[in-house]
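[1] Okay, structure incoming, though there's no sequence with it:
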């Protein structure tokens, strides 16, 4: 199993450009998440999904959109990139358990720079 | 809202020293608690977890006990190794797995 994979690994954008980050998982997990990691701030949740066709906002959703058309994929879109979106982006997935939350499995991250 | 506070470090120790990284939380209800580790250039990996009060999570020599009375989940290891150098994140989750909150992370450097 590949686990959680992210594409691309690195990207440089100019202000105003758009892009899509792809996350894929092969563990048949119901839940998927997008985080951004900034120095001294830990991980902050951008959007998440509890199942195919459903998405919800996290702590810092502004400037981002997401889609979960297939259970194994979770896409994060930036329609008009801004320098404040320079960050490392992590995707994660987890199973849904009746007794409560399970661990999250993380991808290797995408380093995005917006000039 | 829910939050996690942990010592930000960096923490620098000599090999075989005792490690404690403090973590406290505020949450409604009874969250599950986690410690994740991030090695350079990689994503986060689960180190250990505890789902109810007085539970002790343990893995690779690391331990943490869920203390409801002090709302804490401190990470400890009796003898650290150079290979333990990483960033450690304390986190909590509600019981529906829909609200994960991470602390800012603590960078640990272990010197030979």
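    Arrived safely, thanks for sending. Only a predicted model underlies this, so the values are computations on that prediction, with no experimental measurement involved.
[2] my guess is residue A:62 is in a helix, correct?
    No. Under DSSP: H, G, I helix; E, B strand; the rest coil, residue A:62 falls outside any helix and is assigned coil.
[3] what's the burial count for it?
    Per other Cβ atoms under 10 Å in any protein chain shown, the neighbour tally for residue A:62 reads 8. C-betas here are computed from N, CA, C, even on glycine.
[4] Then residue B:102?
    When neighbours are defined as other Cβ under 10 Å, residue B:102 has 22 of them.
[5] Pass me the low-pLDDT residue ranges in chain A, would you?
    Counting by pLDDT under 70, chain A shows low-confidence ranges at A:98-101.
[6] Kindly report the residues of it close to chain B.
    Counting by Cβ under 8 Å from any Cβ of the partner chain, the residues of chain A close to chain B are A:4, A:31, A:33, A:35, A:40-45, A:48, A:50, A:56, A:90, A:92, A:94, A:96-97, A:99-104, A:106-109.
[7] And these, which of them are buried?
    With burial judged by 16 or more other Cβ atoms under 10 Å in any protein chain shown, the buried subset of the residues of chain A next to chain B is A:4, A:31, A:33, A:35, A:42-45, A:48, A:90, A:92, A:94, A:100-104, A:106-107, A:109.
[8] Is the helix or strand bottoming out on mean pLDDT in chain B positioned near chain A?
    In chain B, the helix or strand scored least confidently by mean pLDDT, DSSP states H and E is strand B:100-102, which has a mean of 86. Yes. Using Cβ under 8 Å from any Cβ, strand B:100-102 reaches chain A at B:100-102.
[9] quick one on the thing from earlier: now go through the buried ones among the residues of chain A next to chain B and say which are in strands.
    The members of these that map onto strands under DSSP state E are A:4, A:31, A:33, A:35, A:43-45, A:48, A:90, A:92, A:94, A:100-101, A:106.
[10] Between these, which sits nearest residue A:84?
    Ranked by distance to residue A:84 (Cβ to Cβ), those are led by residue A:44 at 12.5 Å.
[11] For residue B:101, see how far away that closest one is.
    With distances taken as Cβ to Cβ, to the nearest Å, residue A:44 is found 9 Å from residue B:101.
[12] in the sheet, who's paired with residue B:65?
    According to DSSP bridges, the residues that bridge with residue B:65 are residue B:56.
[13] Many thanks, we can stop here.
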